[in-house]
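A.B. asks: Sharing a model that was predicted from the sequence below.
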Amino acid sequence: MQDVACGLIMAGYPVILDKVNLIPEHQRMHLPDMPSYAWNHRSRYLLEPRTAADHRHPKFPSHELLGLLVPGCNPLQPTFRNVLRAEDVSWLADHQLQSETVLPAAGYVSMAIEALHFVNRAAGIDKLLAGYKLRKVDITSALVVPALSSGVEIIFSLRPCSESELDHENWYEFELFSVENSTWVRHCRGYVGAEKKMTSKTGLKMSTSPPKADNFLPTDEEPNPVTAETIFSTLRNMEFYHGPCFQNLADSQVTKSKSITQFHIASNIQGSRTRYILHPTTLDSIF
């Protein structure tokens, strides 16, 4: 009868639904002496897999380069997965080689620092660190970011160095792969470590004040001025094209052995939701 009523309503007929759904009072049956049910909520019957729980409650916010932590992976050897798209990372389009968008070398370094920062933050020691250091960074293949909306799938892995390696303590080996049609390509590998405050003999020693031109450059050499346009023009002749986000150099004074260069922090990347220890566009300017 309900199916007939639904068909009539669909056909536009005025059906009185009370006549269909409500049982007349004299036909109703009441059971007043049903036993009460003791609901027991102390036992859980939902067994959620660990990977599903990690997927629902990610421990690491989405990073525009690293992506998200792979659900269920070992947090001591984290693996990150991302689909890298130029439209999602606006500053990437400003770094091109032979008219193709290519991840800059500074991008690999920043990814390694950010991944280790995640490990240190999860361990609660990020506040005890003075900085990060890298060694043996080897870029074996350029990572081209296609203009297609499908992007390129990348996998970034981080694992502690083997105890058999020299100076292994607090050092991690990292690798970056891309995968397309079941074909895997390794783009970069290297080592990244954390520098603890006031403990290391091997780390970089940073000066509290910037060097001054009058005592930094050799006094017996006349410095030559080099404009930013000269630098980027030379790079364009080598088919490296830098857009506004990467054109952060101002001017330079150059001698045979030393130079002083002014550069600024790119301001048109501030809209990014991802925070960096050191942004790739800044690190690229240093390079």
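C.D. replies: Everything's here; your move.
A.B. asks: Okay, the closest residue to Ile269 other than its chain neighbours and Leu158: tell me how far apart.
C.D. replies: Spatially, and ignoring its direct neighbours in sequence, Ile269 is nearest to Trp91 (5.1 Å; C-beta to C-beta, 6 or more residues apart in numbering). Bear in mind the C-beta positions are built from the backbone N, C-alpha and C, glycine included. Using C-beta to C-beta, to the nearest Å, Trp91 is found at 24 Å from Leu158.
A.B. asks: Kindly report the same for Glu180.
C.D. replies: Glu180 is 22 Å from Leu158, where distance means C-beta to C-beta.
A.B. asks: Looking at these two, which is more packed in?
C.D. replies: Between Glu180 and Leu158, counted using other C-beta atoms under 10 Å, Leu158 has the larger neighbour count: 21 against 11.
A.B. asks: Can you list the strands that the helix or strand harbouring the more buried one pairs with?
C.D. replies: Element membership for Leu158 (DSSP states H and E) is strand 152-160. Counting by DSSP bridges, the strands paired with strand 152-160 are strand 79-84 (antiparallel), strand 171-180 (antiparallel).
A.B. asks: where's the helix or strand following the longest one relative to the chain centroid, distance-wise?
C.D. replies: Spelled out, that is strand 171-180. Next along the chain after strand 171-180, taking DSSP H and E as the criterion, comes strand 183-196. Centroid separation between strand 183-196 and its chain, computed with C-alpha atoms, centre = their mean, to the nearest Å, is 14 Å.
A.B. asks: my guess is Val145 contacts Asp94, does it?
C.D. replies: No. Judged on C-beta atoms under 8 Å, Val145 makes no contact with Asp94 at a distance of 11.8 Å.
A.B. asks: quick revisit: out of the strands paired with strand 152-160, nearest to Pro35?
C.D. replies: In terms of C-beta to C-beta, the element of these nearest to Pro35 is strand 79-84, at 53.2 Å.
A.B. asks: if we can go back for a sec, kindly provide the whole-number mean pLDDT of the strand holding Leu158.
C.D. replies: Averaging pLDDT along strand 152-160 gives 95.
A.B. asks: low pLDDT regions in this protein?
C.D. replies: The chain contains residues with pLDDT under 70 at 166, 198-208, 213, 267-268, 270-272.
A.B. asks: Could I get the contacting residues of the closest residue to Ser99 other than its chain neighbours?
C.D. replies: Leaving aside its chain neighbours, Ser99 sits nearest to Tyr241 (7.5 Å; criterion: C-beta to C-beta, 6+ apart). Neighbouring residues of Tyr241 by C-beta atoms under 8 Å, 6 or more residues apart in numbering: 95-97, 99, 235.
A.B. asks: Would you mind writing the ChimeraX command to select the buried ones in those?
C.D. replies: In ChimeraX, this line selects whichever of the contacts of Tyr241 come out buried by 16 or more other C-beta atoms under 10 Å:
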select :95,96
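A.B. asks: Out of the contacts of Tyr241, which sit inside strands?
C.D. replies: 95-97 (DSSP state E).
A.B. asks: Adding distance to Pro32 as columns, could you present those residues in a markdown table?
C.D. replies: Formatted as a markdown table, the ones in strands among the contacts of Tyr241 follow (distance: C-beta to C-beta, whole Å):
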| residue | distance to Pro32 |
| --- | --- |
| His95 | 78 |
| Gln96 | 80 |
| Leu97 | 82 |
